[in-house]
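> Output the structure for:
(2 chains)
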Amino acid sequence: MDHSTNTPVHQDGHDSHGAPLDLAKTVRSYLKVGGVLILGTFLTVAVAYVPWMQTGVHWADTTIGLLIATIKVSFVGLLFMHLNHERGLIYKVLFFTIIFSIAMMFLFVLAFLDPIKAALLN
Amino acid sequence: MEIPYTVTARPDTGLYNAKVGIWLFLASEVMLFGGLFSSYVFLRIGADYPWPFHELKVLPGFINTMVLIISSVSIVSAWAALKARRYGWYQINMVITLLCALGFMGIKSFEYYGKFTHYSVILHDGTVMDGHPGHASEEHRGDKIALGEVKSFSVNLAKSETAFLRHRRINDGGAKPFGEVPDGQTIKVRTPSGKEVEFTQSWLNKQKRDYRDLENVRAKLATLQARIDAPKARVEDMKRAVSGNFPVPFDAAKAEVLLAEHQDLQASSASKLKELEGKIKALTAGNPDAAASTLTLQVAGDPLAFRVDERALAKYNAGEIIFRDDVILKGKLLGDSIPLNADLIDLRSVKDPENSLAWKYYPGLKPAFFKHMEEETEAFKKKHPAHANDYETNADWKRSALRVSLEELAPETEAHALMHDESKAVQVERSDKRFYTNFSPSRSPYYAIYFLMTGLHGLHVVGGSIVLGYFLFTGRRMYKRNPEHLANRVEVGGLFWHFVDLVWIFLFPVFYLL
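Take a look at the predicted model:
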């Protein structure tokens, strides 16, 4: 939960340069991130509903939509959850979490390895 | 006892303990939601029905996304305010966060309510008609079977209860033929023995007790009789075995011993048999109505009327309805059609849309439907020239051409009347119905996983709000004692809150948009 990307807040309420925390500046930076997230939301809706924003290929629109969502999630993770300057332990935990999550997202592929079910699904 | 490392970092991890804890918890949460998203992908890829794409209203989901983004900004600002030792700003931001949580849940409840009161009738030929089964009251909902002129009914003393009386209605002679029964109004019945009694749960319990007592004695008698007859039965078996597929020579000596044993048992058990038979006689004479499991009762007074939820029934026909607990009402079926103010017709699963069952109920809309289909086909071919010849198998074409709201098929006032005026409701024959449900998890696997994931997410919002509310309302004392400790607590709560936002950032496009 950092107050900006380059001035992390320390335990004593001072930033990394030892200056007291400038609340107004910090909140302004959070508002900017919020603005990016809102913009991302508008973009996702537009990709799904505005004809000239669409590629015309459903899977491509889906990919773009999910890509925007991933960028939004990165903003939340990096700037609001201060993963941009976190301790090594947290990164280690998250590394395994992400690996397992990605593996889990592809679990459904196993269904296609079952010849009977695959025949039903196709 | 003092909990260590609540404020200062632990030397080996470089973090205060709660932060390590929340990240481990969030890692497990990522796996939980990851598994659910994986299930969603599997269900979507394997769906053997048109996936409900763009069916949810986007606006509530969009507003909720905004609300969660605002709350994310406010919770991180609340933490920054604590770091800057500005308690007033902290309070303001926490209040904004909690108001956002409240707003989110309010919008979500509104969405859920809409789904639980919106119904779908799927007919035997695959026609789907979505709409509202009568707007006026629960009484007119389509899942009711109406039975009148009930002059007798039977109960099973082994399993029936009086729950079926909940469905009893009275004819108040007005526009509402099935009025609520006034509280405390019971019914009088005549039993097979000629007694006139009030049919209540306590009376039925008494009959059930008497029947159970009688059955217990009968069971004892049957067991004793079987024990007496066992040696004789073995002799009969031996006789049959002589000429069986695998013949066994008859052992006359053994048969003699067995028959002697049978006679001995008969003699020694005679008094017990007599005693049990006497008990049965006494119990039957004491309450002849509880002698058999089925107790048929005649209604004393005016015939009864019922309006029953189909799900409470085992089956029904023109002359009777049978509840799941074996209560059988004999009467006359007054109606079982499903009144429906449809708002959408979906023929994507119909082999021959020209002869869809939809036109049995909405013949006037048929020309408009096919005109709409032609227009959509032209537009689709223009947009996708590569699919000009195989458009009929294209899911997007099917969706735009074969799934049409009544607002697109009729002029505004007529469409409004068809959708909302109860007198314009069509009466869907129950024999045409394959499946009838509201937009709850039973509607399809899509709605099942929609409710599962958004419901679980909603529970996270509620849980997070309780924790953040606790920090807001009890934080002042901790702030005075050690502001850094409160800041750390809010940071941990905030990390959870951001995770809740993060999950929604994926849920919104997955369910509402893509």
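
> that's a helix at B:Ala305, yeah?
No: in this structure, B:Ala305 is strand, not part of a helix, as judged by DSSP: H, G, I helix; E, B strand; the rest coil.

> Report the beta-bridge partners for it.
B:Arg169 (DSSP bridges).

> need the contact list for it.
Going by Cβ atoms under 8 Å, 6 or more residues apart in numbering or on different chains, B:Ala305 touches B:146-150, B:168-171, B:177-178, B:331, B:334. Placement of C-beta: from N, CA and C, glycine included.

> Buried residues in stretch B:50-59, which are they?
B:Pro50, B:Pro52, B:Glu55, B:Leu56 (16 or more other Cβ atoms under 10 Å in any protein chain shown).

> can you redo these as JSON lines with secondary structure and pLDDT?
Converted to JSON lines, the buried residues of stretch B:50-59 look like this (DSSP: H, G, I helix; E, B strand; the rest coil; pLDDT from 0 to 100):
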{"residue": "B:Pro50", "secondary structure": "coil", "pLDDT": "82"}
{"residue": "B:Pro52", "secondary structure": "coil", "pLDDT": "86"}
{"residue": "B:Glu55", "secondary structure": "coil", "pLDDT": "87"}
{"residue": "B:Leu56", "secondary structure": "coil", "pLDDT": "91"}
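
> nearest to B:Ala292, of those residues?
B:Pro52 (51.9 Å; Cβ to Cβ).

> follow-up on the earlier one: out of the contacts of B:Ala305, which one has the lowest pLDDT?
Among those, B:Pro177 carries the weakest pLDDT, at 58.

> what's the helix or strand for B:Glu198?
Per DSSP states H and E: B:Glu198 is located in strand B:196-199.

> counting contacts, what elements does the helix ranked longest in chain B pack onto?
The single longest helix within chain B, with elements called by DSSP state H, is helix B:201-242. If you count contacts as 3 or more Cβ pairs under 8 Å, 6 or more residues apart in numbering or on different chains; DSSP states H and E, helix B:201-242 packs onto helix B:252-286.

> helices and strands around the next helix or strand after the helix it packs on, which ones?
Sequence order places strand B:294-299 as the next helix or strand after helix B:252-286, per DSSP H and E. Helices and strands touching strand B:294-299, by 3+ Cβ pairs under 8 Å, 6+ apart, are strand B:144-156, strand B:187-190.

> Note down every partner strand of strand B:294-299 and its orientation.
Sheet partners by DSSP bridges: for strand B:294-299, these are strand B:144-156 (antiparallel), strand B:187-190 (antiparallel).

> want to throw these into JSON lines with distance to A:Lys92?
Formatted as JSON lines, these follow (distance: least, Cβ to Cβ, whole Å):
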{"stretch": "strand B:144-156", "distance to A:Lys92": "60"}
{"stretch": "strand B:187-190", "distance to A:Lys92": "72"}
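
> Point out the most buried one among these.
Most buried of these by mean neighbour count (mean count of other Cβ atoms under 10 Å in any protein chain shown) is strand B:144-156; its value is a mean of 20.

> Please, where are all the strands along the stretch 301-450 of chain B?
B:304-309, B:313-316, B:320-323, B:328-335, B:338-346, B:403-405, B:426-428, B:433-438 (DSSP state E, counting those that start in this stretch).

> Would you give the sheet partners of the last one, along with the direction of each?
Right, strand B:433-438. Using DSSP bridges, the strands paired with strand B:433-438 in its sheet are strand B:119-123 (antiparallel).

> contact partners of the helix or strand just after the strand it pairs with?
For strand B:119-123, the following helix or strand on the C-terminal side (DSSP H and E) is strand B:128-132. With Cβ under 8 Å, 6+ apart as the test, strand B:128-132 has contacts from B:117-123, B:340-349, B:358, B:361, B:419-420, B:428.

> Would you mind listing which of the residues you listed are buried?
Of the contacts of strand B:128-132, these count as buried by 16+ other Cβ under 10 Å: B:118-123, B:340-349, B:358, B:361, B:419, B:428.

> just the helices in chain A please.
A:23-49, A:58-75, A:88-105, A:109-113, A:115-121.

> Redo those helices as CSV? Include mean neighbour count and mean pLDDT.
Shown next, in CSV, are the helices of chain A (neighbours: other Cβ atoms under 10 Å in any protein chain shown; pLDDT from 0 to 100):
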stretch, mean neighbour count, mean pLDDT
helix A:23-49, 18, 92
helix A:58-75, 17, 90
helix A:88-105, 14, 91
helix A:109-113, 11, 74
helix A:115-121, 11, 66
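
> between the strands of the stretch 301-450 of chain B, which gets nearest to B:Asp501?
Using Cβ to Cβ, those put strand B:433-438 closest to B:Asp501, at 29.9 Å.

> list the buried ones in that closest one?
B:Lys433, B:Tyr436, B:Asn438.

> Which of these sits closest to B:Trp497?
B:Asn438 (32.3 Å).

> Please name the bridge partners of that closest one.
Here B:Asn438 sits in beta bridges with B:Tyr119, as judged by DSSP bridges.

> residues touching the closest residue to B:Thr6 other than its chain neighbours, list them.
Spatial nearest neighbour of B:Thr6, excluding adjacent residues (Cβ to Cβ, 6 or more residues apart in numbering or on different chains): B:His485 at 5.7 Å. Contacts for B:His485 (Cβ under 8 Å, 6+ apart) come out as B:Thr6, B:Val7, B:Met478.

> three-state assignment of B:His485?
In three-state terms, and counting by three-state DSSP, B:His485 is helix.

> For the spatially most central residue of chain A, which residues are in contact?
The residue lying closest to the centre of chain A (Cα atoms, centre = their mean) is A:Val73, at 1.8 Å. By Cβ under 8 Å, 6+ apart, the residues touching A:Val73 are B:Leu502, B:Ile505, B:Phe506.

> which secondary structure element contains the first one?
Put plainly, it is B:Leu502. Using DSSP H and E, B:Leu502 sits within helix B:483-508.

> If I take that helix and helix A:58-75, what angle do their directions form?
180 degrees (axes from the mean of the first three to the mean of the last three Cα atoms, to 10 degrees).

> what's the span of stretch A:47-65 from first residue to last?
7 Å (Cα to Cα, to the nearest Å).
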